[in-house]
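Engineer: coords below, sequence missing:
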């Protein structure tokens, strides 16, 4: 949350995340709740990548579902939980994969 200013040097060739300059000051919970309460239907971008798809195509590899490891950090990647943001039909996603996390201890993190 927070106030977002449009980045004046943004072009459509850049990733959509570069469009805004977001201040990094901490927000109080009461302020965030007030901002959420003031949101209207027209104030929410339901498909933020739809108009940008012509410039930066959506590659099928982005729909990989599973664990990603970068160094010692392991995160689940579950794109089927945000399909609506990519302009696809959102269904009830399956539960997250059950994985024995000990297998990641054998992977070289370098």
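Structural biologist: That came through fine. This structure is a prediction, so every number in the text was calculated from the model and none was measured.
Engineer: Quick check, central residue of this structure?
Structural biologist: residue 82 (8.0 Å; C-alpha atoms, centre = their mean).
Engineer: Now do the end-to-end distance for stretch 65-73.
Structural biologist: Stretch 65-73 has an end-to-end distance of 17 Å (criterion: C-alpha to C-alpha, to the nearest Å).
Engineer: Run the chain-centre distance for that stretch.
Structural biologist: Stretch 65-73 sits 16 Å away from the centroid of its parent chain (C-alpha atoms, centre = their mean, to the nearest Å).
Engineer: Kindly report the same for stretch 40-49.
Structural biologist: Its chain's C-alpha centre and that of stretch 40-49 lie 14 Å apart, by C-alpha atoms, centre = their mean.
Engineer: Mean confidence (pLDDT) on it, please.
Structural biologist: Confidence over stretch 40-49 (mean pLDDT, whole number) is 74.
Engineer: Quick check: which ranges of this protein have low pLDDT?
Structural biologist: Residues of the chain that meet the criterion pLDDT under 70 lie in 1-4, 47-49, 52, 99-110.
Engineer: now the helices: where do they sit in it?
Structural biologist: Assigned by DSSP state H, the chain shows helices spanning 29-38.
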